[in-house]
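Chemist: Pasted the sequence and its predicted model underneath.
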Amino acid sequence: MKITAIRTLLCHAWRTNWLFVKVMTDVDGLWGVGEATLEYKEEATVGACRDLERELIGRNPLQIEAIWQDAYRDAYWRGGPVLMSALSAVDMALWDILGKELGVPVWQLFGGKVREEVPCYANAWFASARTPEQFGEKASAAVERGFHALKWDPFGSAWRSLDRNAYTQAMACVREVSRAVGDRAGVMIEGHGRFDLPTAAHIARGLEEYDVLWFEEPIIPDSIESLARLRREINVPVAFGERLFGMNAFRTLLEAGAADYIQPDVSHAGGLSELRRIAALAETYHVPICPHNPSGPVANAATLQLAASLPNFYLLETMATDVPWRREVCDEEVRLHNGCMTIPSRPGLGIELNEQEIAKHPWQPISLRHYKGTLTDIRPENATSFFREDP
């Protein structure tokens with residue numbers, strides 16, 4: 001069996017553009033799918049996939065570890081979001097091929113399941129909310145749907161610091177959501193790497209009374225040393241890692257004692273192969289892994305394979321709704337029951353793409369919303385659930 005091509009498929013998805021990858025083989029009807037969605041850098045990642053294709057044509061797709069190591073070595077400029085996202089997608093696709101070839105889901109290749117369902121927390125439940133009261137109403141509705149934990153960024157367009165009025169507004173939003181959900185759900189506060197060290201510490205002290213599950217990316221994500229200092233100074237848990245690439249970056253994070261929860265992204269940190277290594281490393285520190293997972297259906301399918309098989313997995317991020325065409329561009333089959341996703345049992349990653357439907361939603365240029373005051377414009381008005389919801 002040989003690799004014959006690496007194909008890329010871009011699909012507009014409102015807040016970003018999904019970048020899907022197909023690794024083709026010379027076996028009729030056998031290919032693998034992956035996802036390299038790298039917000040605002042999709043075209044660069046397409047180029048990285050083409051670079052990988054030149055080196056991988058003719059290779060045996062079942063030699064997954066050798067391909068990963070060679071691709072990482074031969075890039076010369078190691079790591080970084082573009083290379084690692086392209087490699088992540090190819091790695092997912094190779095595991096998908098192996099699972100299909102053997103007729104088993106990928107989680108079986110990883111030693112089988114250690115859980116029967118995957119506990120989730122919701123993102124994007126707050127779409128279009130502006131006032132604390134609106135956030136509270138949407139939080140209550142999300143809990144009614146079965147979510148047991150909710151995450152959001154209450155900090156508007158803040159960068160580096162917060163003036164007194166912005167701080168008061170943010171804490172009013174936290175207070176209103178906490179009141180709305182009561183003891184029915186936990187809350188996580190997303191920082192999006194906005195703040196300098198003293199501002200993050202001030203916010204963390206304000207969050208103590210709300211017993212938050214974690215404060216995510218509380219400081220500008222360029223200094224693990226500063227993050228470790230912050231964690232030593234505050235009394236709320238810290239989550240971090242969506243913008244780290246590869247096992248060595250997570251080793252530095254763990255050695256510094258800078259996070260209570262780590263959040264590698266299967267589409268950026270090195271794919272299924274590298275996330276398994278990262279999780280094993282974290283387990284030696286007794287640190288839970290909570291994968292970053294805000295992207296598209298293939299990334300979600302791959303992350304579910306990991307969540308099924310990792311003993312130190314804790315919570316999976318999921319988007320409460322998505323663009324209505326998500327159901328059209330793939331045959332994704334996920335079910336939400338009592339705040340948990342069921343684990344697919346189809347061979348490989350358990351998902352296939354519909355290229356004709358993808359072509360109906362071509363790439364569109366999208367810019368970051370975080371510092372424009374439009375952060376809650378995360379979904380279109382016709383957004384809908386992409387999973388089946390059991391009562």
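Modeler: That came through fine.
Chemist: Check the burial of Gln69 by counting its neighbours.
Modeler: Gln69: 12 surrounding residues under other C-beta atoms under 10 Å. Just so you know, the C-beta spots here come from the backbone N, C-alpha and C atoms, and that holds for glycine as well.
Chemist: what residues are up against Trp214?
Modeler: Trp214 makes contacts with 188-189, 236-239, 260-261, as judged by C-beta atoms under 8 Å, 6 or more residues apart in numbering.
Chemist: Apply 6 Å and report the result again.
Modeler: The neighbours of Trp214, taking C-beta atoms under 6 Å, 6 or more residues apart in numbering as the test, are 188, 237, 239, 261.
Chemist: Compute the number of surrounding residues for the last one.
Modeler: Tyr261 is surrounded by 20 other residues when neighbours are defined as other C-beta under 10 Å.
Chemist: okay, it: pLDDT?
Modeler: For Tyr261, the pLDDT comes out at 98.
Chemist: what sits opposite it in the beta ladder?
Modeler: Tyr261 has these beta-bridge partners by DSSP bridges: Ala239.
Chemist: That one and Val238 touch, don't they?
Modeler: No. Counting by C-beta atoms under 6 Å, Tyr261 sits too far from Val238 to count as a contact (7.5 Å).
Chemist: Okay, helices next: where are they in the stretch 1-150 of the chain?
Modeler: With DSSP state H, counting those that start in this stretch, the ranges of helices along the stretch 1-150 of the chain come out as 42-56, 64-74, 81-102, 106-109, 132-144.
Chemist: Determine which stretch of the ones you listed is the most buried.
Modeler: Per residue and on average, the most neighbours among the helices of the stretch 1-150 of the chain fall to helix 81-102, with a mean of 26 (mean count of other C-beta atoms under 10 Å).
Chemist: chain center to stretch 283-294: distance?
Modeler: Remark: stretch 283-294 is offset 12 Å from the chain centroid, using C-alpha atoms, centre = their mean, to the nearest Å.
Chemist: Now do it: everything it contacts.
Modeler: Contacts with stretch 283-294, where a contact means C-beta under 6 Å, 6+ apart, come from 123, 242, 254, 261-263, 265, 279, 282, 303, 312-317.
Chemist: which of these lies closest to Thr37?
Modeler: Looking at these and their distance to Thr37, the nearest is Asp265, at 9.3 Å (C-beta to C-beta).
Chemist: how near is the residue lying closest to the closest one once chain neighbours are set aside to Glu39?
Modeler: In space, and not counting its chain neighbours, Asp265 is closest to His292: 4.0 Å by C-beta to C-beta, 6 or more residues apart in numbering. Distance, His292 to Glu39, using C-beta to C-beta, to the nearest Å: 12 Å.
Chemist: In terms of neighbours, single out the busier of these two.
Modeler: Per other C-beta under 10 Å, whichever of His292 and Glu39 has more neighbours is His292, with 25 against 17.
Chemist: got the phi/psi numbers for that one?
Modeler: Note on His292: its backbone torsions stand at phi -70, psi 130 [degrees, to the nearest 10].
Chemist: pLDDT score for it?
Modeler: Model confidence at His292 (pLDDT) stands at 98.
Chemist: Likewise for Gly193?
Modeler: The per-residue pLDDT reported for Gly193 equals 97.
Chemist: Name all residues that make contact with it.
Modeler: Neighbouring residues of Gly193 by C-beta under 6 Å, 6+ apart: 217, 220-221.
Chemist: Of those residues, which is the most crowded?
Modeler: Most surrounded of those: other C-beta under 10 Å gives Glu217, at 26 neighbours.
Chemist: Wait, that residue touches Ile189, no?
Modeler: No. Glu217 is not in contact with Ile189 according to C-beta under 6 Å; the separation is 9.9 Å.
Chemist: Now do the phi/psi pair for the closest residue to Glu39 other than its chain neighbours.
Modeler: Ranked by C-beta to C-beta, 6+ apart and with sequence neighbours excluded, the top spatial neighbour of Glu39 is Thr16, at 4.5 Å. When read as degrees, to the nearest 10, the backbone of Thr16 gives phi -160, psi -170.
Chemist: Based on its surroundings, how many neighbours for Asn300?
Modeler: By the criterion of other C-beta under 10 Å, Asn300 has 28 neighbours.
Chemist: just Ser385 next, same as before
Modeler: Residues within reach of Ser385, counting by other C-beta under 10 Å, total 15.
Chemist: Now for the residue lying closest to it once chain neighbours are set aside: which residues touch it?
Modeler: Spatial nearest neighbour of Ser385, chain neighbours left out: Thr321 (5.7 Å); criterion: C-beta to C-beta, 6+ apart. Taking C-beta under 6 Å, 6+ apart, we find Thr321 in contact with 379, 383-385.
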